[in-house]
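Asker: Kindly generate the corresponding structure for this input.
(one chain, ligands or ions: 1)
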Amino acid sequence: MTTAVDILVERLAGRTPKVGLVLGSGLGGLVDEVKNPVRISYGELPGFPKSGVTGHAGELVAGDFNGTPVIMMAGRAHYYEHGNAGAMRPALEVLQGIGVETLMLTNAAGSLEPTMGPGSVMLITDHINFSGSNPLFGEPTDKRFVGLTQAYDAEMRAALEAAAQKTGTPLHKGVYMWFSGPSFETPAEIRMARIVGANAVGMSTVPEVILARFLGLRVAACSVITNLAAGMTGGELSHQETKDMAPLGGARLAAILREAIGGF
Ligand code: HPA
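Answerer: Sure thing, here's the model as predicted:
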């Protein structure tokens, strides 16, 4: 049987990316910076998500990103689309199957810090899984008991911090709290999130971090802040706001990634 790995290896025509990047809202444009690109739509690869969220494309782009062989995933599956926290597992297994060892995750998030406003970038240092779910539900082996004490790779984080310094790009650091979505949080939930130690909230990434560690991939993640969280301003939150504001921080995160990628 032809597997997604077989198809991808053939389409890559000798390219051997070692770094995978998952592009969240505001970062999709990064695929245009890939030199000598091969573009593969998720639809060609069994097990890849059928991404239905506006602002998420559903395409793999492999080639050189600022001199480093990478494979970018423009578009991800979210837990809130179907209630399956493991929806990204087949795709991440395929990346691992073609030799990817390092995974850089990005997302859009709401900030709990008034001093970390829209357009900010936050390096995720740790997370809180508040979804009640886990991508490893149903995994029958003892491998499911994944340690997450040092989930976010120290070397990758150092490379990201150094890149931020070098490019003069402000980079916040903090704890990301995963809410299932798709509804936004309530002001009471945001007050709770602050009490338990979160700095940003969002609807993705944590399942991918858990899966990455399960698969033995090194992983790091950054959030692009699109808004202050629920109840922190007078207004209501919306997906439109997320899409409108993501490019602001996205451009900053892109500057960091261009510089950091060689140090992963
Ligand atoms: N909450 C959850 N997810 C988000 C937010 C938010 O405020 N902003 C962007 N993604």
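
Asker: Is Glu101 in contact with Ala212, as I believe?
Answerer: No: the pair Glu101 / Ala212 is not scored as a contact, 10.3 Å apart, by Cβ atoms under 8 Å. All C-beta spots, glycine's among them, are computed from the backbone N, C-alpha and C.

Asker: so Gly47, which of the three states?
Answerer: Following DSSP: H, G, I helix; E, B strand; the rest coil, the label given to Gly47 is coil.

Asker: How about it: what's its closest non-neighbour residue?
Answerer: Excluding its sequence neighbours, the residue lying closest to Gly47 (Cβ to Cβ, 6 or more residues apart in numbering) is Pro90, at 3.0 Å.

Asker: residues in contact with the one you found?
Answerer: Residues counted as contacts of Pro90 (Cβ atoms under 8 Å, 6 or more residues apart in numbering) are Ala4, Pro46, Gly47, Phe48.

Asker: which ones are touching the last one?
Answerer: This points to Phe48. Going by Cβ under 8 Å, 6+ apart, Phe48 touches Ala4, Tyr42, Gly58, Leu60, Pro90, Ala91, Val94.

Asker: Can you read off the pLDDT for the residue nearest to Leu60 when sequence neighbours are not counted?
Answerer: Residue nearest to Leu60 in three dimensions, not counting chain neighbours: Ile40, with 4.5 Å by Cβ to Cβ, 6+ apart. With respect to pLDDT, Ile40 has a value of 94.

Asker: Also Ser51?
Answerer: Looking at Ser51, its pLDDT is 61.

Asker: swap in Met1?
Answerer: 81.

Asker: likewise the one 5 residues further on?
Answerer: Asp6 carries a pLDDT value of 96.

Asker: Any idea how many residues pack against it?
Answerer: Asp6 sits with 13 neighbouring residues when counted by other Cβ atoms under 10 Å.

Asker: circling back to that earlier point, between the contacts of Pro90, which has the most around it?
Answerer: Neighbour max across the contacts of Pro90 (other Cβ under 10 Å) = Phe48, 24 neighbours.

Asker: tell me the contacts of Leu237?
Answerer: Contacts of Leu237 (Cβ under 8 Å, 6+ apart): Gly110, Phe184, Asn227, Ala229, Ala230.

Asker: now do Val100
Answerer: By Cβ under 8 Å, 6+ apart, the contact list for Val100 reads Pro17, Lys18, Val19, Gly20, Ile71, Leu217.

Asker: 10 Å instead?
Answerer: Taking Cβ atoms under 10 Å, 6 or more residues apart in numbering as the criterion, Val100 is in contact with 16-21, 69-71, 92, 94, 212, 215, 217-218.

Asker: rewinding a little: how distant is the helix or strand the residue nearest to Gly47 falls within from the center of its chain?
Answerer: Under the criterion of DSSP states H and E, Pro90 resides in helix 89-97. With Cα atoms, centre = their mean, to the nearest Å as the basis, helix 89-97 stands 15 Å off its chain's centre.
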